[in-house]
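**Q** what follows is a predicted protein model with its sequence.
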Amino acid sequence: MASPWIADQPLLLASTSRTRLTLLVGAGLPVETQNPGIDERAVEAEGRAQDSAPPLLARRLAAEKALAVSRRHPERLVLGADQILDCEGEILHKPADRAAAHAHLERLAGRTHALHSAAVLAQGGAVVDTVLDSAHLTMRSLDGRAIDRYLDLAGPDVWTSVGAYRLEGLGVHLFEKITGDHFTILGLPLIPLLAALRRRGYLSF
């Protein structure tokens, strides 16, 4: 694929997320990946102890990922990204198993929750740019049987997604209203991220 990327080295993604990698590659960017190796729950706990709002927690996590990899590769442009699901002040993470997935869907059913997605660019061990975007999703009212039926059809793959749904798959059936950018919902605010890369001279148009 032809690429608008004009830097000498590929973008270094501080993540092992298949979805984020797919979005970046689909936009024509050359990408290498590296696991940042941070304790995300510890970073989140520190932010919550400082009363950080959920969008700021997403930004903090994305920054810590980017900085961890940037310190190892100071010459590279590093991208860190993270997403926080906020349901009426409660933060939900990826469910550990089917029972947790069922509980998450019970919590979200009939309510509107927010997905806050952050992307942070780092170079030389310092943050050089940050983008943040939010989407709001209203889930249908669902009883236990409907949730079980969805989990039967979707399979354990949905446990790898925050909220226990995958909007790009069968999860779309769970919702009655969605406000926000599709890329943001998938975990990467791609449009403002591309604008930041363009602004910094990494893209040809």
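**A** Great, that's in hand. Numbers count the residues shown, from 1 in each chain.

**Q** which pLDDT value goes with the nearest residue to residue 124 once chain neighbours are set aside?
**A** Leaving aside its sequence neighbours, residue 124 sits nearest to residue 74 (Cβ to Cβ, 6 or more residues apart in numbering; 4.7 Å). Using the backbone N, CA and C atoms, a C-beta is placed for each residue, glycine as well. As summarised for this prediction, residue 74 has a pLDDT of 97.

**Q** what do you get for residue 80?
**A** 98.

**Q** quick one: contacts for it?
**A** For residue 80, the set of contacting residues under the criterion of Cβ atoms under 8 Å, 6 or more residues apart in numbering consists of 14-15, 36, 61-69, 119-120, 122.

**Q** which secondary structure elements does the lengthiest strand in the chain sit against?
**A** The strand of greatest length in the chain, counted in residues with DSSP state E as the criterion, is given as strand 126-139. When contacts are defined as 3 or more Cβ pairs under 8 Å, 6 or more residues apart in numbering; DSSP states H and E, strand 126-139 sits against helix 54-72, strand 112-123, strand 175-179, helix 182-186, helix 190-199.

**Q** export the ones you listed to CSV and tack on mean neighbour count?
**A** Output for those, formatted as CSV (neighbours: other Cβ atoms under 10 Å):
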stretch, mean neighbour count
helix 54-72, 23
strand 112-123, 24
strand 175-179, 13
helix 182-186, 20
helix 190-199, 18
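
**Q** hmm, back to that, what is the mean pLDDT for the longest strand of the chain?
**A** Confidence over strand 126-139 (mean pLDDT, whole number) is 98.

**Q** buried ones in that strand?
**A** For strand 126-139, the neighbour count (16 or more other Cβ atoms under 10 Å) marks 127, 129-135, 137, 139 as buried.

**Q** looking at the contacts of residue 80, which is nearest residue 169?
**A** Comparing the contacts of residue 80 against residue 169 with Cβ to Cβ picks out residue 15 as the nearest, at 20.4 Å.
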